[in-house]
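Trainee: Sequence and predicted structure, then a few things I'm wondering about:
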Amino acid sequence: MEQILSQDEIDALLKGISDGEIETEKEPASFDKRVDIKPFSLLSIGKTKKEKLPGLDFIYDRFSKSFSSAFSLFVEKEIEISLTTNKYVEYGELLKTLPLPTNMNVITTENLKGFFIVIFDASLIFAVLEIIFGSPAIESAKVEGREFTKIEFRVVRKVIDLICIEMEKAWTPVYEIRCKYSRSEMNPNYITMISPDEVVHLVEFTIEIGGVKGWLKVLIPYGILDTIKEYLIAAPSREDIDMREKWFTLLKRNMFTIPLELRVILGKKRITLQDFLRFTEKDLIFIDKHVDDPVDIFVHNKKILQGSIGTYKGNMAVRIEKGKESRKEDIHGTVL
């Protein structure tokens, strides 16, 4: 049987709909305009899903313990530090969560060829300043609109330098770095070296001092970590650390036993072969240096030191006057 309506059936159906005798589908329920609907982006979710690096967990666990001890000695008061957050976030999203003012410090790393940012809770910084300057009671200070004075900023610099020292120690078993303070800002928007959509690794510590709780955040752009990812994929074990320390000790000890060829150039003179063949006894050769001029000292044909010539216990000798580390030492021996 064909499922096709005749013209009379179609007319009757349309009449029934217009008269309301036949129900049609209900209109979909309208959305409540008060509901906050946020767009969902699969691309942004993919950006923050980065490979887990156990080496960072190992580093920051060491840092939290060592910095807790060092910070307690610095302020001469017991301080508790615990790791609370360890994740990847977009830098722009992180900035939205930071209050104003916030103490942000850029730390450059030589070996890592990059930088990381240390962010201090401003109220925690002012609590530390109260302790340093002898306040009898520690209370949460109002930080809105406040800036550091020159004296207060010197104290902050000492805390940042302390973080650099402890961060270097924490990284040493995994990847040796050298940290150096670069600059500080109280407004997060002034740190523009990271684009808002760039993914950073964020670790947050909770710090409690004298009843005042605050936080410390450390972030590193993922692009910098990606260059040394092979060192961070696995956390070193205690046995690996002990073996590495023994190996470095043995290597350092053996390095001091390596023989070096040391030469001192008293002066130079360029002459022809014909003039050389004419030399006889008691002839004088004038060189390009005076007797008081410094002489060049070569180690394996590489000039690295300068010194002055003289005598020591009846022997000809050279005293080092200038070198890469500017150390004055005596090297005694016959000058050839």
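Mentor: Looks like it came in fine.
Trainee: What are the boundaries of the helices in the stretch 51-200 of the chain?
Mentor: 54-75, 91-97, 122-132, 150-171 (DSSP state H, counting those that start in this stretch).
Trainee: whoops, the stretch 201-336 of the chain was the one
Mentor: Using DSSP H, counting those that start in this stretch, the helices found in the stretch 201-336 of the chain span residues 222-226, 229-232, 238-255, 273-277.
Trainee: that older thread, packed most tightly, which of the helices of the stretch 51-200 of the chain would that be?
Mentor: Across the helices of the stretch 51-200 of the chain, the average number of neighbours (mean count of other C-beta atoms under 10 Å) peaks for helix 122-132, which reaches a mean of 21. Every residue, glycine included, has its C-beta placed from N, CA and C.
Trainee: Okay, angle between it and helix 54-75 too, please.
Mentor: Going by axes from the mean of the first three to the mean of the last three C-alpha atoms, to 10 degrees, helix 122-132 is angled at 40 degrees with respect to helix 54-75.
Trainee: And helix 122-132, what does it pack against?
Mentor: Applying 3 or more C-beta pairs under 8 Å, 6 or more residues apart in numbering; DSSP states H and E, one finds that helix 122-132 makes contact with helix 54-75, helix 150-171, strand 199-209, strand 212-221.
Trainee: and the strand or helix carrying K15, average pLDDT?
Mentor: Taking DSSP states H and E as the criterion, K15 maps to helix 7-19. In this model, helix 7-19 has a mean pLDDT of 74.
Trainee: Restricting to C-alpha, output that helix in PDB.
Mentor: In PDB, the C-alpha atoms belonging to helix 7-19 read as follows (Å, rounded to 0.1, in the frame of the first residue of the first chain):
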ATOM      1  CA  GLN A   7      -5.200  16.000  -1.900                       C
ATOM      2  CA  ASP A   8      -8.300  15.800   0.300                       C
ATOM      3  CA  GLU A   9      -6.300  14.200   3.200                       C
ATOM      4  CA  ILE A  10      -3.600  17.000   2.900                       C
ATOM      5  CA  ASP A  11      -6.300  19.700   3.000                       C
ATOM      6  CA  ALA A  12      -7.900  18.100   6.100                       C
ATOM      7  CA  LEU A  13      -4.500  17.800   7.900                       C
ATOM      8  CA  LEU A  14      -3.700  21.500   7.300                       C
ATOM      9  CA  LYS A  15      -7.200  22.500   8.500                       C
ATOM     10  CA  GLY A  16      -6.800  20.500  11.700                       C
ATOM     11  CA  ILE A  17      -3.400  22.100  12.400                       C
ATOM     12  CA  SER A  18      -4.700  25.600  11.800                       C
ATOM     13  CA  ASP A  19      -7.800  25.000  14.000                       C
END
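Trainee: The closest residue to K217 other than its chain neighbours bridge partners, please.
Mentor: Leaving aside its sequence neighbours, K217 sits nearest to I119 (C-beta to C-beta, 6 or more residues apart in numbering; 4.1 Å). On the basis of DSSP bridges, I119 is bridged to M104, K217.
Trainee: can I see the domain layout of the chain?
Mentor: By the assignment in automatic domain parsing, the chain contains the domains 45-247, 262-332.
Trainee: Quick one: mean pLDDT for the last one?
Mentor: By that I understand domain 262-332. 80.
Trainee: and L202, bridged to which residues?
Mentor: Here L202, judged by DSSP bridges, has bridge partners K87, L219.
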